[in-house]
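J.: test case, fold it:
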Amino acid sequence: MYLICFDLDGTLLNNASEISRFTYDTLQLLSEKDIAFTIATGRTMLSAQRAVAGHKFVLPQIYNNGVTIWDPNTQQLTLENILEQTEINTILELALRQGISPFVHVIAQHQHVVFHAETQHDVEKRLVEKYFSDTPQQLQPLNALAPEHQVTNISMIGEAATIHAMWQTLNTYPNLIAYSGPALEGPQYRWMDVHHYQANKGKAVAQLKKQLGASKVICFGDGDNDLSMFACADESYAPANAIDEIKQVASAVIGHHHEDGVAHFLRERFSL
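T.: Numbers count the residues shown, from 1 in each chain. Next up is the predicted model:
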């Protein structure tokens, strides 16, 4: 039994952060052949489910780079490797000192709550309007964050040079791992997600493989947060737009994500 794991942004989704009709039809063909597939993304559950709404992902899904696993059949939410208070303080202090508004993601009674400081820049305001408006996500002021809250990750966006310097700093802390990449809002900006160092897609995928009794895992991804997933996969594929580090460890480089590279590969690979 094959288990296929898809990253979303820059991989399965196109430039509009959507699943194209061609990719949608390809996923349907996989289902008809009883080929198992799911998503493994750095996005939160609500953000990811908004992007794949209307598509039948029936297996457990991996969110927050492995911190959160959601089983749609049992309606069970599993949290592992959440951030501790000292780690949260380290991230927040660094962000606020740099004039960056951190977005603290919390799961409380199966509800996704985002605690955030007052937005400092237009790009942060646009992020709130784009991703946090018209969703069930609850927005709370950062000063309402309490020690008992379960923090899955802390994200932020800002000028590329500032975020890159913060990314380098945070990755020097032994209990933290930070992922970063170019923002959709423009090349002058970068996003960053910070997690507990033990949280990664690879561990979550390995756990899911064992749970489902899969014999082989095939992974698709484009960023540094996909490296752990590639390391545990039997086959791994990077779209043409992926970072060089991912391309170097991939089994092969396939088509660009905005040109349905994953879907075209799957149709050939499985004769769909």
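J.: do a quick rundown of the strands in the stretch 151-272 of the chain.
T.: Along the stretch 151-272 of the chain, the segments classed as strands by DSSP state E, counting those that start in this stretch run 176-183, 186-196, 216-220, 235-239, 252-254.
J.: so which elements touch the second one?
T.: Which is strand 186-196. Packing partners of strand 186-196 (3 or more Cβ pairs under 8 Å, 6 or more residues apart in numbering; DSSP states H and E): strand 150-159, helix 160-170, strand 176-183. Bear in mind the C-beta positions are built from the backbone N, C-alpha and C, glycine included.
J.: check which residues of the first one are buried.
T.: Residues 151-159 are the ones in strand 150-159 that count as buried (16 or more other Cβ atoms under 10 Å).
J.: helix/strand/coil for Ala95?
T.: Here Ala95 is helix, with the state taken from DSSP: H, G, I helix; E, B strand; the rest coil.
J.: burial count for it?
T.: Number of residues near Ala95 (other Cβ atoms under 10 Å) recorded here: 25.
J.: can you tell me how far it is from Asp224?
T.: Counting by Cβ to Cβ, to the nearest Å, the gap from Ala95 to Asp224 is 19 Å.
J.: got it, and Leu96?
T.: 25 Å.
J.: which one's more surrounded, the two?
T.: Higher neighbour count among Leu96 and Asp224: Asp224, with 17 against 14, using other Cβ under 10 Å.
J.: which residues sit in contact with the residue lying closest to Ala240 once chain neighbours are set aside?
T.: Nearest non-adjacent residue to Ala240, counting by Cβ to Cβ, 6 or more residues apart in numbering: His256, 4.4 Å away. Applying Cβ atoms under 8 Å, 6 or more residues apart in numbering to His256 gives the contacts 239-241.
J.: could you do Asp226 as well?
T.: Each residue near Asp226 by Cβ under 8 Å, 6+ apart is listed here: 7, 11, 201, 219, 246.
J.: apply 7 Å and report the result again.
T.: For Asp226, the contacting residues are 7, 201, 246, by Cβ atoms under 7 Å, 6 or more residues apart in numbering.
J.: still on that earlier bit, rebuild the strands of the stretch 151-272 of the chain as CSV, extending it with mean neighbour count, distance to Glu87 and mean pLDDT.
T.: Output for the strands of the stretch 151-272 of the chain, formatted as CSV (neighbours: other Cβ atoms under 10 Å; distance: least, Cβ to Cβ, whole Å; pLDDT from 0 to 100):
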stretch, mean neighbour count, distance to Glu87, mean pLDDT
strand 176-183, 20, 6, 90
strand 186-196, 20, 7, 90
strand 216-220, 23, 27, 98
strand 235-239, 24, 29, 98
strand 252-254, 16, 35, 98
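J.: can you redo the ones you listed as a markdown table with distance to Ser17?
T.: Rendered in a markdown table, the data for the strands of the stretch 151-272 of the chain read as follows (distance: least, Cβ to Cβ, whole Å):
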| stretch | distance to Ser17 |
| --- | --- |
| strand 176-183 | 12 |
| strand 186-196 | 13 |
| strand 216-220 | 16 |
| strand 235-239 | 15 |
| strand 252-254 | 19 |
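J.: of all the contacts of Asp226, which comes closest to Leu272?
T.: Leu272 lies nearest to Asp7 out of the contacts of Asp226, by Cβ to Cβ, at 20.2 Å.
J.: count of neighbours near the closest one?
T.: Look at Asp7: counted by other Cβ under 10 Å, it has 29 neighbours.
J.: ok, it to Asp222 distance?
T.: In terms of Cβ to Cβ, Asp7 sits 6 Å off from Asp222.
J.: follow-up on the earlier one: any chance of the contacts of His256 in CSV, with distance to Thr90 too?
T.: Shown next, in CSV, are the contacts of His256 (distance: Cβ to Cβ, whole Å):
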residue, distance to Thr90
Pro239, 34
Ala240, 36
Asn241, 32
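J.: and the closest residue in space to His164 that isn't next to it in sequence, how far from Leu92?
T.: Among residues not flanking His164 along the chain, Arg190 sits closest, at 6.3 Å (Cβ to Cβ, 6+ apart). Using Cβ to Cβ, we find Arg190 at a distance of 18 Å from Leu92.
J.: secondary structure class for Leu3?
T.: Here Leu3 is recorded as strand under three-state DSSP.
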